[in-house]
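Colleague: quick one, fold the following:
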Amino acid sequence: MVQRHKSNPTFNASAAGVDGQAGMALMIDLQLGCVQYLGRDEAKAYLDHMGEVLLGLRQKMPVAWVTIGDVENDLVPVEEKNASPRDKAECEALGFLGDGKNRDLFEDFLSKHGPRKDEVVFRKRGFSALSDDEPALRNYLNEQRIDKISISGGMAGYCVGSTVCDAVRSGWETKAMPDTIIGWPGGERAANYLQEGATWLGEDHAKRMKEMYGDVMARADLSSSDYGLAKRDMVNGTNPAVSRFAR
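Modeller: Numbering: from 1, shown residues only. Sure, this is the predicted structure:
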């Protein structure tokens, strides 16, 4: 792969300090399929927090949304200068909604802070939003001459982690935002992680997010093949490049 970007990846724990020059914020799989694993009170707190984060990000840089599902890899066209929200039916069709807990909370979030008509939506099947196999978003970022990306969403050791790997490998200046990332308290290898539910709160979670992404981004010199193995082994934790992803 030809790597156009030459900037050095950096780590930042929040949206503060993102200057917005040639930057874009990626909301990775911020859809009901992710939020439903949070407890109700935690889901409300997370969505309220994300609403505040999005208000700040939109003043600094464009926002792109990513959903995962059984769909062909594509980008949904934007309507220039139309900042109105995408309606409920469109959000449903794009994979943001579905059956699951906390749907009422998430519908309210979408109506207030969800994807706008002037914000691109990328649909994928695999973990990474920036993989070689599903290049629609990667190509779009290059066409827009984006050099910096800020990453939020879920889940920490799956789609967010895989996207961070590909972003760093490709040379984008990458900022993971741990206070906006959902993960599993015991890690993706915990026997009952689905039953135990997800989290984004607490000092332990914040520390794990910072260690996880700081470690990976510090290894930007790894080869493409190393990152391919890292993504393949993300859940079972057999690859040292992402040992922190699966613990």
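Colleague: now do the longest strand belonging to the chain: distance to the chain's middle.
Modeller: In the chain, assigned by DSSP state E, the strand with the most residues is strand 173-181. Per CA atoms, centre = their mean, to the nearest Å, the displacement of strand 173-181 from the mean C-alpha position of its chain is 8 Å.
Colleague: what's the average pLDDT for it?
Modeller: What strand 173-181 shows for mean pLDDT is 90.
Colleague: which neighbours does that strand have in its sheet, and in what orientation?
Modeller: When sheet partners are counted by DSSP bridges, strand 173-181 sits next to strand 148-153 (parallel).
Colleague: can you list the residues that contact the partner strand?
Modeller: With CB atoms under 8 Å, 6 or more residues apart in numbering as the test, strand 148-153 has contacts from 7, 12, 15, 18, 21-30, 34, 50, 53, 57, 61, 66, 141, 159-160, 163-164, 167, 172-177, 180-182. From N, CA and C alone the C-beta is placed, and that goes for glycine too.
Colleague: and the helix or strand that comes right after it, how far out from the chain middle?
Modeller: Following strand 148-153 in sequence order, the next helix or strand is helix 161-169 (DSSP states H and E). Distance of helix 161-169 from the chain centroid (CA atoms, centre = their mean) equals 10 Å.
Colleague: between strand 148-153 and helix 161-169, find me the angle.
Modeller: If you take axes from the mean of the first three to the mean of the last three CA atoms, to 10 degrees, helix 161-169 sits at 170 degrees to strand 148-153.
Colleague: and helix 161-169, what other elements does it pack with?
Modeller: Applying 3 or more CB pairs under 8 Å, 6 or more residues apart in numbering; DSSP states H and E, one finds that helix 161-169 makes contact with strand 148-153, strand 173-181, helix 203-217, helix 224-232.
Colleague: reformat those as CSV; add distance to P135.
Modeller: Listed next are the helices and strands packed on helix 161-169 as CSV, based on distance: least, CB to CB, whole Å:
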stretch, distance to P135
strand 148-153, 15
strand 173-181, 18
helix 203-217, 21
helix 224-232, 14
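Colleague: can I get these in CSV with distance to K101 and mean neighbour count?
Modeller: Formatted as CSV, the helices and strands packed on helix 161-169 follow (distance: least, CB to CB, whole Å; neighbours: other CB atoms under 10 Å):
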stretch, distance to K101, mean neighbour count
strand 148-153, 18, 24
strand 173-181, 20, 24
helix 203-217, 20, 18
helix 224-232, 29, 17
